[in-house]
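S.K.: sequence unknown, structure follows:
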């Protein structure tokens, strides 16, 4: 048995690719358009283990997606949590849970999917502006 | 950057382990109990790629978890989709989307997380009772 992917629905494909690929750093592996089904599937992956994918489902007929509590988040290990959070912040992403401890942060996708970022290896030394940054919203 | 896990909240730890481990076939990799936080984390994985985990979060204070539409499902490739669906069915799991095509099935976890099962390689020949089995509910 092999883990394949987590599927999330996205209401705006451009905004989602901008978030997951340009900002977060995932790579697009392949995509599939279904004219009769009126949907597009895009498979993304983190560079280090591309066999575990994130499947974005974009239904061409608009729908607003909200979240539930049974699903929690998707988690990624990152090389430098401060550098990534700075890049996300500079590009307009709210850092809901800043990496005050140099170890863990949470952000949300445009459709509200919670994303956990974890520093690889040992936590980084607490550093401003992160160390004193308060939480924003929930994650 | 490395994909780590998808976290799902579970309201009944025994029922969830029975579903994910005994019935579905995931393996428990490790667990962490937090007395002060009043929660238990259990990390599960499929045998073939255990670095992509499912994190079960069990909060000791009861809560009912419902789903949203932004999260879709978790997907696994399986060796024999008919054998697995038969085992799940025999053990009381509703096959929401039976593998009529010998290729794809959907079930749900006790907390309503949708699980996609995909036959590895080529689809199996259509076979009863699956070929004529109707859908049940949504997934």
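M.R.: It's in. These figures come from a predicted structure and were not determined experimentally.
S.K.: what ranges do the strands span in chain A?
M.R.: Secondary structure of chain A (DSSP state E): strands at A:2-9, A:27-34, A:39-45, A:53-59, A:71-78, A:104-108, A:114-119.
S.K.: Packing partners of the fifth one?
M.R.: Other helices and strands packing on strand A:71-78, by 3 or more Cβ pairs under 8 Å, 6 or more residues apart in numbering or on different chains; DSSP states H and E, are strand A:114-119, strand B:2-9, strand B:53-59. Just so you know, the C-beta spots here come from the backbone N, C-alpha and C atoms, and that holds for glycine as well.
S.K.: List the contacts of the residue minimising distance to the centre of chain A.
M.R.: Central residue of chain A (Cα atoms, centre = their mean): residue A:115, 4.7 Å from the mean position. By Cβ atoms under 8 Å, 6 or more residues apart in numbering or on different chains, the contact set of residue A:115 is A:24, A:73-76, A:106-109.
S.K.: In terms of distance to residue B:36, which of those ranks first?
M.R.: Nearest to residue B:36 out of these is residue A:106 (Cβ to Cβ; 20.1 Å).
S.K.: quick revisit: can you list the strands of chain A in a markdown table and add mean pLDDT and distance to residue A:96?
M.R.: What follows is those, written out as a markdown table (pLDDT from 0 to 100; distance: least, Cβ to Cβ, whole Å):
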| stretch | mean pLDDT | distance to residue A:96 |
| --- | --- | --- |
| strand A:2-9 | 98 | 17 |
| strand A:27-34 | 98 | 24 |
| strand A:39-45 | 98 | 21 |
| strand A:53-59 | 98 | 19 |
| strand A:71-78 | 98 | 11 |
| strand A:104-108 | 98 | 5 |
| strand A:114-119 | 98 | 8 |
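S.K.: Thanks again, I'm all set now.
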